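Engineer: dropping the sequence and predicted coords here.
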Amino acid sequence: MGGHSHWATIKRHKSSQDVKRGKIFTRIIRELTIAARTGSDPSGNPRLRLAISKAKDANMPGDTLKKAIQRGTGELPGVHYEEFALEGYGPGGTAVMLEITSDNRNRTVAEIRNLLTKNNANLAEAGAVSWQFHKKGLLTVERGKVEEDRLISLALDAGAEDVKAGAKLFEVITDPHDFENVKKVLADAKIDTAFAEVTFIPQNSIGLEEKNAEQMLKLMEILDEHDDVQKVHANFDISDEVMEKVAAAAG
């Protein structure tokens with residue numbers, strides 16, 4: 001990562017000021033509802049277990065959490081959400097992948113296509129860019145919060161695949177199946193994670209200069225704010241120097 005910013009690390013700053021709790025809860029409620037379709041017992045449903053963990057991390061009221069699960073199991077009436085992915089190309093030829101939950105696929109696709117077109121990007125065919133991403137667990141820890149050797153030892157012993165040292169952060173990468181265990185081990189060791197999610201990590205990144213970087217960050221913000229977008233993934237890389245210029249230009 002060395003001196004470069006990816007969406008996962010940028011978004012953690014956004015989230016800290018973005019306590020748009022309603023937006024966070026909306027995403028988690030949809031995830032709880034969909035996950036509960038395959039069973040309401042978290043011990044036998046890893047996806048639901050992870051969604052419940054997210055809900056608790058976000059301080060979601062217990063009653064809200066319970067009702068979301070009941071809508072998924074059919075105990076309560078609710079909207080039926082469809083899950084699908086959309087792929088596209090962003091500024092500078094970057095690959096963009098969106099995880100969507102929607103109650104109206106045609107409407108959502110049309111809205112996303114319009115947002116991309118208006119922001120120097122375009123929708124692509126299914127499979128056009130998804131091959132460039134691997135599904136992984138990603139946890140980031142700020143430098144200074146833990147000694148590198150201790151983090152590496154704990155993470156690898158817990159089943160992590162790799163630990164990468166960046167200028168400001170350590171990145172702990174896991175197989176999705178090992179994510180929960182690694183997260184628990186770090187939490188038990190009192191190591192705070194700045195970001196912890198199962199996400200899609202690009203195999204290769206595209207470095208962006210000032211103009212494309214500014215357009216890319218604007219696009220990611222706009223997509224991230226769409227109600228039907230659960231997660232946004234992209235393979236851009238922005239150096240600290242360029243990030244400072246973009247921030248200065250934004251005022």
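Structural biologist: Nice, I can see it. Numbers count the residues shown, from 1 in each chain.

Engineer: quick one: the helix or strand in which Ala155 is found to chain centroid distance?
Structural biologist: Using DSSP states H and E, Ala155 maps to helix 148-157. Offset of helix 148-157 from its chain centre (C-alpha atoms, centre = their mean, to the nearest Å): 23 Å.

Engineer: so what secondary structure elements neighbour the very next helix or strand once past that helix?
Structural biologist: Downstream of helix 148-157, the first helix or strand assigned by DSSP H and E is strand 162-165. When contacts are defined as 3 or more C-beta pairs under 8 Å, 6 or more residues apart in numbering; DSSP states H and E, strand 162-165 packs onto helix 148-157, strand 169-174. Where C-beta positions appear, they are placed from N, C-alpha and C, glycine not excepted.

Engineer: could you list every helix and strand in contact with the longest one?
Structural biologist: Contacts defined by 3+ C-beta pairs under 8 Å, 6+ apart place helix 148-157 against strand 162-165, strand 169-174, helix 179-188.

Engineer: swap in the shortest one?
Structural biologist: Of the remaining helices and strands, those touching strand 169-174 by 3+ C-beta pairs under 8 Å, 6+ apart are strand 133-142, helix 148-157, strand 162-165, helix 179-188.

Engineer: tell me the strands beside the third one, with direction?
Structural biologist: Read it as strand 162-165. Strand 162-165 sits in its sheet next to strand 169-174 (antiparallel), going by DSSP bridges.

Engineer: pull the residues that contact the strand it pairs with.
Structural biologist: Residues from elsewhere that reach strand 169-174 (C-beta atoms under 8 Å, 6 or more residues apart in numbering): 1, 9, 136-143, 146, 148, 151, 155, 159-164, 182, 186, 194, 201.

Engineer: with stretch 34-49 instead?
Structural biologist: Against stretch 34-49 from outside (C-beta under 8 Å, 6+ apart): 32, 50-52, 68-73, 81, 83, 101, 177, 180.

Engineer: can you flag which of those residues belong to helices?
Structural biologist: Secondary structure defined by DSSP state H assigns 32, 50-52, 68-73, 180 of the contacts of stretch 34-49 to helices.

Engineer: next, the buried residues of stretch 57-65.
Structural biologist: 60, 65 (16 or more other C-beta atoms under 10 Å).

Engineer: state the mean pLDDT of the strand or helix carrying Arg47.
Structural biologist: Arg47 belongs to helix 46-57 when elements are defined using DSSP H and E. The average pLDDT within helix 46-57 is 92.

Engineer: please identify the most buried of the helices and strands packed on helix 148-157.
Structural biologist: Ranked by mean neighbour count under mean count of other C-beta atoms under 10 Å, those are led by strand 169-174, which reaches a mean of 22.
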